[in-house]
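[1] Sequence first, then the predicted structure, then my questions.
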Amino acid sequence: MPPSLTDIIERLHAHYGPPDPPPSDDPFELILWEQAAYLANDAQRAATFELLALRVGLRPEQILAAEDAVLLEVARHGGSIAVAERAARLRESARLVKEEWSGDLRNALRLPPAKAQRALQRFASIGAPGAEKILLFTHTQPVLALESNGLRVLVRLGFAAEQKNYNATYRAIRQALAAELPADFDWLIAAHQLLRQHGQELCKRTQPQCKSCPLRRACVYCQAAAG
């Protein structure tokens with residue numbers, strides 16, 4: 001049996017220190033954060049988001065009024081893949097907020113949780129895990145939202161076996177942890193950030209640094225690798 005999630009997060013906090021805060025607590029800004037860059041590290045994504053804020057602004061009406069060339073410049077800063085498509089996504093997201101949510105995506109967060117999640121998933125590149133992350137970071141719904149790095153950590157610790165696809169694995173982990181999750185936004189956000197950091201820095205997809213891992217004695221993957 002793996003240790004409790006509380007114990008895991010305490011160990012990660014002791015190892016890494018306090019986690020970084022989310023990039024924003026505004027739902028539209030969090031969508032822009034995801035859409036402006038692609039296959040980018042945190043530093044490049046933050047720089048792209050800052051460029052968007054400086055050259056265009058982060059409100060839907062500002063993005064709708066921006067010149068195509070400026071949105072292309074921002075998207076190009078966020079990576080060389082699908083630049084035109086990502087620039088168009090920024091404008092389409094702004095249009096959707098203006099037409100469906102009176103220019104303020106926080107209006108969608110006032111819906112019942114399932115409907116709010118579906119509303120967020122209407123935006124390009126926002127799947128169920130991404131929508132849950134927005135609901136968490138905006139203090140709308142206290143869920144343990146996970147991205148790929150954090151999910152990998154929990155699979156390797158033995159909370160659930162890896163399934164045939166990402167969404168199935170995500171659901172299995174969430175089900176395994178449901179009984180022990182506190183309804184505490186700050187704790188859940190810290191857990192998300194620390195699990196993500198651990199997956200990025202030590203529990204990597206390839207060549208994980210198990211010898212340096214503060215969770216190695218409780219890790220099913222680490223014990224199996226050690227023989």
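    Arrived safely, thanks for sending. Numbering: from 1, shown residues only.
[2] all contacts plus neighbour counts: C-alpha atoms, from now on.
    Noted.
[3] Next, the distance between the ends of stretch 167-187.
    From its first residue to its last, stretch 167-187 covers 23 Å (CA to CA, to the nearest Å).
[4] low pLDDT regions in this structure?
    Across the chain, the ranges flagged by pLDDT under 70 are 1, 226-227.
[5] Output the contacting helices and strands for the longest helix anywhere in the chain.
    Determined from DSSP state H, the single longest helix within the chain is helix 83-101. Judged by 3 or more CA pairs under 8 Å, 6 or more residues apart in numbering; DSSP states H and E, helix 83-101 is in contact with helix 27-36, helix 60-65, helix 68-77.
[6] hey, which of these is tucked in deepest?
    helix 27-36 (a mean of 21; mean count of other CA atoms under 10 Å).
[7] could you check the angle helix 68-77 makes with that one?
    Orientation of helix 27-36 against helix 68-77 (axes from the mean of the first three to the mean of the last three CA atoms, to 10 degrees) gives an angle of 70 degrees.
[8] how far off helix 83-101 does helix 27-36 point, in degrees?
    Using the same axes, to 10 degrees, helix 27-36 lies at 160 degrees relative to helix 83-101.
[9] quick check, distance from the longest helix of the chain to the centre of its chain.
    Chain-centre distance of helix 83-101: 19 Å, with CA atoms, centre = their mean, to the nearest Å.
[10] Just the residues contacting the following helix or strand past that helix, thanks.
    Sequence-wise, the next helix or strand downstream of helix 83-101 (DSSP states H and E) is helix 113-120. For helix 113-120, contacts defined as CA atoms under 8 Å, 6 or more residues apart in numbering pick out 108-110, 126, 128, 131-132, 135, 141.
[11] Can you show me the CA trace of helix 113-120 as CSV?
    Taking C-alpha atoms only, helix 113-120 is exported to CSV below (Å, rounded to 0.1, in the frame of the first residue of the first chain):
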residue,chain,number,x,y,z
PRO,A,113,-19.7,22.1,-11.3
ALA,A,114,-20.4,19.6,-14.2
LYS,A,115,-21.8,22.4,-16.4
ALA,A,116,-18.9,24.7,-15.5
GLN,A,117,-16.4,22.0,-16.5
ARG,A,118,-18.2,21.4,-19.8
ALA,A,119,-18.2,25.2,-20.5
LEU,A,120,-14.4,25.3,-20.0
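[12] Number of residues surrounding Ser148?
    Counted with other CA atoms under 10 Å, the neighbours of Ser148 add up to 15.
[13] OK, contacts around the spatially closest residue to it that is not a sequence neighbour?
    Ranked by CA to CA, 6 or more residues apart in numbering and with sequence neighbours excluded, the top spatial neighbour of Ser148 is Arg196, at 7.7 Å. Contacts here follow CA under 8 Å, 6+ apart; on that basis Arg196 touches 146-150.
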